[in-house]
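1. based on what follows, work out the 3D shape:
(chains A and B)
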Amino acid sequence: MTYPRSTWTRLGLFLLALLASCVNLDAVRDFANASTEAAAYEELVDEYIEHPLRMAALQGQLDMDAPPDAYIERLSQRKAMLERHEALTDYLVVLGQLAGDQAPRLERSREVRESRREARDGVRGREVERQRALDARLEHANGAPEAQDLLAKVSEALLGAWRQSAIEKYMKGADESLTQTIASLHDGPVASIPGDARTEMAGLDHYYGDLLRELQGSGQQGVRALLHHHWELERVAILDRQKAALDFQAAMDQILEGHDALVSAAKLDAQDLVSELADRARALLGLGDQLNRRPRTSSPIRVPR
Amino acid sequence: MKLNATQARELAETFRKLAIQTSEYRAANWAKLKPSQRQDLADAFWSLLNASTDMETRAVGLVIEGSEAALKQLTKATNKARTTVKRIDNAQKAIAIVDKAIGLAGAIALGDASAIAKSAKGLYETATAS
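-> Okay, the predicted model is just below:
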């Protein structure tokens, strides 16, 4: 069967248009991957839950057989909060997968060519000639390299277009629920941690203030110095938790603003969007790194007074 | 009237400030106060701080309550998109299989035993890769 010339022209124009619309989704994938790191940080949920235990310890009333009501209530919120972390993390993982590797065939074609070249370099004498002849015949049988590359590029463009359309549909479909879920992570336990930290700091000052007043005039300088040292250590731990909460909130802001930029972008590889996403990915990696490097602050052991 | 999360946190802050003022008063007047008065003020201080903790807890409860529907919707959207990821992966795999199959066809046409074996192996590995 032969096709009229106009059919081939139309096909050619279609291929050209397809190749021209080929979208690079690397920035979307990198942003999604960097966001995943921060979204998966769940440590602060447990530190929020344990706050009433730390407060009970300061009051000399920590009894794990009868923990404070606030602790029981917070513990009952744990599952719900972890579900939100998981939902956001899953969303971002899938976003990264949708924006994933776009050039499998092209890459593989290159790999095949490189391995052939290496094989050729390793073979000597007549073997080299035999290999070259075989390669030439194989390439001929498979079609010219240019044609292979074109095929690879067309496959890449088709998959890229599919990916872009799927990403746009996914983001728009999840827009409202994603915004609200990010807001719940931003305004959930991490938003209570700074207040809890001030509460704990007040409790700590009261606790150590009383101990030091009781020791006044007793001449126990060593004990006083040790108390001051512990007081300071505990303050540092509280400030660290407070900072981590702010870092996590900053990460949620970055994810939300990055998502907004993606949803409103005309093209997913527009230069200004790519540059914005790269900045946000860098910021998110920095925040994720800070969060993951911080030591876990445990509840201090106190002797009942 | 039902509180919202912001109002709950504002109340938490109010309780906290009152607690701190109580503690500062107690410390400033330590020498003048009787032991029983010190204890009463300390009890009031801890009660106010605990009330602050309760309000922070309530704020989180309200945030959770208000985002239940969104969580379900987001999970649904993600699960749906997972199907698309699988389809794209399958298409990618199909392209790779076609690539290998062309290679095998070429090797068969040439009648080169080692190339046939290599291409067949490559096709099998691509087709069975998860």
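
2. any low-confidence regions in the stretch 101-250 of chain A?
-> A:101-153 (pLDDT under 70).

3. again, 90 this time
-> Low-confidence segments of the stretch 101-250 of chain A, defined by pLDDT under 90, are located at A:101-165, A:214-224.

4. can you give me the helices for it?
-> In the stretch 101-250 of chain A, the helices defined using DSSP state H, counting those that start in this stretch lie at A:104-122, A:125-142, A:145-187, A:189-215, A:221-264.

5. check which helices and strands the third one is in contact with.
-> So the one you mean is helix A:145-187. Counting contacts by 3 or more CB pairs under 8 Å, 6 or more residues apart in numbering or on different chains; DSSP states H and E, helix A:145-187 is packed against helix A:5-20, helix A:69-98, helix A:104-122, helix A:221-264, helix B:35-66, helix B:68-110. For glycine as for every other residue, the C-beta is placed from the backbone atoms N, C-alpha and C.

6. could you rerun that using 6 Å?
-> helix A:5-20, helix A:69-98, helix A:104-122, helix A:221-264, helix B:68-110 (3 or more CB pairs under 6 Å, 6 or more residues apart in numbering or on different chains; DSSP states H and E).

7. how about the residues of chain B by chain A?
-> Neighbours of chain A within chain B, by CB under 6 Å from any CB of the partner chain: B:12, B:16, B:19-20, B:23, B:27, B:46, B:49, B:52-54, B:56-57, B:59-60, B:63-64, B:67, B:70-71, B:73-75, B:77-78, B:81-82, B:84-85, B:92, B:95, B:99, B:102, B:106, B:109-110.

8. what pLDDT does the residue of chain B most remote from its centre get?
-> For chain B, the C-alpha farthest from the mean C-alpha position belongs to B:G111; by CA atoms, centre = their mean, that distance is 57.0 Å. Model confidence at B:G111, expressed as pLDDT, equals 75.

9. phi first, then psi, for it.
-> Here the main-chain torsion angles of B:G111 (degrees, to the nearest 10) amount to phi 70, psi 30.

10. what does A:N24 give?
-> Torsion angles, degrees, to the nearest 10, at A:N24: phi -90, psi 120.

11. from memory it sits against A:L268, does it?
-> No: judged on CB atoms under 6 Å, A:N24 makes no contact with A:L268 at a distance of 8.3 Å.

12. sorry, back to before: from A:N292, how far off is the residue farthest from the centre of chain B?
-> Taking CB to CB, to the nearest Å as the measure, B:G111 and A:N292 are separated by 58 Å.

13. how about A:L273?
-> Counting by CB to CB, the gap from A:L273 to A:N292 is 27 Å.

14. show me the domain layout of chain B.
-> Following automatic domain parsing, chain B resolves into domains at B:1-66, B:69-130.

15. closest to A:G288 out of these?
-> A:G288 lies closest, by CB to CB, to one member of the domains of chain B: domain B:69-130, at 20.5 Å.

16. got the contact list for the residue nearest in space to the middle of chain B?
-> For chain B, the residue sitting closest to the mean C-alpha position, by CA atoms, centre = their mean, is B:L71 at 11.0 Å. When contacts are counted by CB atoms under 6 Å, 6 or more residues apart in numbering or on different chains, B:L71 is found next to A:87, A:181.

17. coming back round to it: more neighbours, A:L273 and A:N292?
-> When neighbours are counted by other CB atoms under 10 Å in any protein chain shown, A:L273 and A:N292 differ, and A:L273 comes out ahead with 20 against 12.

18. quick check: that one vs chain B, distance?
-> 20 Å (CB to the nearest CB, to the nearest Å).

19. what's the local residue count around the closest residue to B:L33 other than its chain neighbours?
-> The spatial neighbour of B:L33 that comes closest, neighbours along the chain excluded (CB to CB, 6 or more residues apart in numbering or on different chains), is B:R26 at 6.9 Å. A total of 21 residues lie near B:R26 under the criterion other CB under 10 Å.

20. likewise for A:S35?
-> Applying other CB under 10 Å, we find 31 residues neighbouring A:S35.

21. shouldn't it be in contact with A:L92?
-> Yes: contact between A:S35 and A:L92 holds when scored by CB under 6 Å: they sit 4.8 Å apart.

22. ok, now which ones touch A:D210?
-> Counting by CB under 6 Å, 6+ apart, there are no residues that A:D210 touches.

23. where's the residue nearest to the spatial centre of chain A, which helix or strand?
-> For chain A, the residue sitting closest to the mean C-alpha position, by CA atoms, centre = their mean, is A:T36 at 2.0 Å. Taking DSSP states H and E as the definition, one finds A:T36 inside helix A:26-39.
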